[in-house]
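In: I need the structure of the sequence given here:
(one chain, ligands or ions: 1)
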Amino acid sequence: MQSRSNYKATWDALAQSQVDAQLHVAGHLDESEWARSARVTLGVLEEFVGIRPEDEILEIGCGLGRVGRVLAPRCRRWIGGDVSPKMLEHTRRLLADLPNVELVELSGVDLAPIPDASVDVVYCTVVFMHLYEWDRYRYVQEAMRVLRPGGRCYFDNVDITTDHGWEVFSAGAAYPPEERPAHLSMVSTADELRTYGERAGFEQVQVRPWGGAWVALTGVKPARS
Ligand SMILES: C[S@@+](CC[C@H](N)C(=O)[O-])C[C@H]1O[C@@H](n2cnc3c(N)ncnc32)[C@H](O)[C@@H]1O
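Out: Model (predicted):
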């Protein structure tokens with residue numbers, strides 16, 4: 001398999017120890033920055049899709065549960081899905097004190113373990129940069145399947161039109177092709193994300209910039225579907 005598509009092998013190799021995993025998830029080992037950034041993401045989710053105490057929420061690519069740590073206490077059930085069993089092993093230990101957390105291993109291109117119409121919110125943050133565009137869209141389609149009617153979705157990526165996005169793009173462009181890491185970050189545009197939301201059949205599709213570097217897609221599953 002071409003290496004960028006082999007998400008499971010790539011991310012299991014990057015998550016061998018908890019320290020390695022944290023460095024590849026966040027790029028640092030600073031606990032206060034970890035907690036601060038989690039609160040920022042929580043605030044974005046609250047503002048963009050709303051978080052209710054009765055919600056059952058799925059994160060695609062949950063990593064070490066950076067967001068789950070602060071989100072699980074605010075909802076009925078938080079499900080962390082990730083392609084890497086090694087990553088999930090660390091996360092299971094880190095979130096062991098939270099009673100409403102479930103972790104599921106994903107194939108890397110679908111949400112097969114999650115039943116149809118079974119969750120209220122699906123979100124995916126700091127993951128699209130590592131995926132091919134086809135697989136980004138598959139997750140938007142899968143979100144449509146697993147959401148209950150009226151359920152909300154959120155997906156983000158680094159926005160190429162920002163200065164930070166251009167830095168990320170340029171850093172990738174600097175690699176000789178044969179040396180590109182399989183998880184090399186690749187950026188998005190608002191139009192790309194809007195297209196996924198609309199093509200997958202979401203209503204109230206919006207794309208919004210945030211934090212000077214990010215663009216987020218949100219949408220609502222039609223009530224009748
Ligand atoms: C940069 S980390 C972000 C983790 C978490 N979302 C956060 O914001 O802290 C990317 C995560 O996505 C996971 N991942 C990578 N490719 C994936 C895929 N195809 N499907 C599901 N998860 C994937 C990795 O294992 C890793 O945990």
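
In: could you measure the closest residue to the ligand within the chain against residue 144, distance?
Out: Closest contact between the chain and the ligand, by CB to the nearest ligand atom, is at residue 63 (2.6 Å). From N, CA and C alone the C-beta is placed, and that goes for glycine too. To residue 144, residue 63 is 23 Å away according to CB to CB, to the nearest Å.

In: Ok, residue 175 next?
Out: Note on residue 175: its distance to residue 144, by CB to CB, is 34 Å.

In: Comparing the two, which residue is more hemmed in?
Out: Ranked by neighbour count (other CB atoms under 10 Å), residue 175 and residue 144 place residue 144 first, with 21 against 11.

In: hang on, the more buried one in a helix?
Out: Yes. Under DSSP: H, G, I helix; E, B strand; the rest coil, residue 144 sits within a helix.

In: In this protein, where is pLDDT below threshold?
Out: 1-2, 225 (pLDDT under 70).

In: swap the cut-off to 50 and go again
Out: For the chain, no stretch is flagged by pLDDT under 50.

In: the helices in it, which residues?
Out: In the chain, the segments counted as helices under DSSP state H are 7-14, 18-26, 31-48, 66-71, 85-94, 133-146, 163-173, 190-199.

In: Reformat those into TSV and put distance to the ligand next to each item.
Out: Shown next, in TSV, are the helices of the chain (distance: least, CB to the nearest ligand atom, whole Å):
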stretch	distance to the ligand
helix 7-14	3
helix 18-26	4
helix 31-48	7
helix 66-71	4
helix 85-94	5
helix 133-146	6
helix 163-173	13
helix 190-199	15
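
In: and residue 56, which of the ones you listed is closest to it?
Out: Nearest of the helices of the chain to residue 56, taken as CB to CB: helix 133-146 at 10.1 Å.

In: C-alpha coordinates for the closest one, CSV please?
Out: Extracted in CSV, the C-alpha atoms of helix 133-146 (Å, rounded to 0.1, in the frame of the first residue of the first chain):
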residue,chain,number,x,y,z
GLU,A,133,-8.8,14.4,0.1
TRP,A,134,-10.8,11.3,-0.8
ASP,A,135,-10.6,10.1,2.7
ARG,A,136,-11.5,13.5,4.2
TYR,A,137,-14.7,13.3,2.1
ARG,A,138,-15.4,9.7,3.1
TYR,A,139,-15.4,10.8,6.8
VAL,A,140,-17.9,13.6,6.0
GLN,A,141,-20.1,11.0,4.3
GLU,A,142,-19.7,8.6,7.2
ALA,A,143,-20.6,11.4,9.6
MET,A,144,-23.9,11.8,7.7
ARG,A,145,-24.6,8.1,8.1
VAL,A,146,-23.9,7.9,11.9
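
In: who does that helix touch, helix- and strand-wise?
Out: strand 56-60, strand 119-124, strand 147-158, helix 190-199 (3 or more CB pairs under 8 Å, 6 or more residues apart in numbering; DSSP states H and E).

In: Much appreciated, bye for now.
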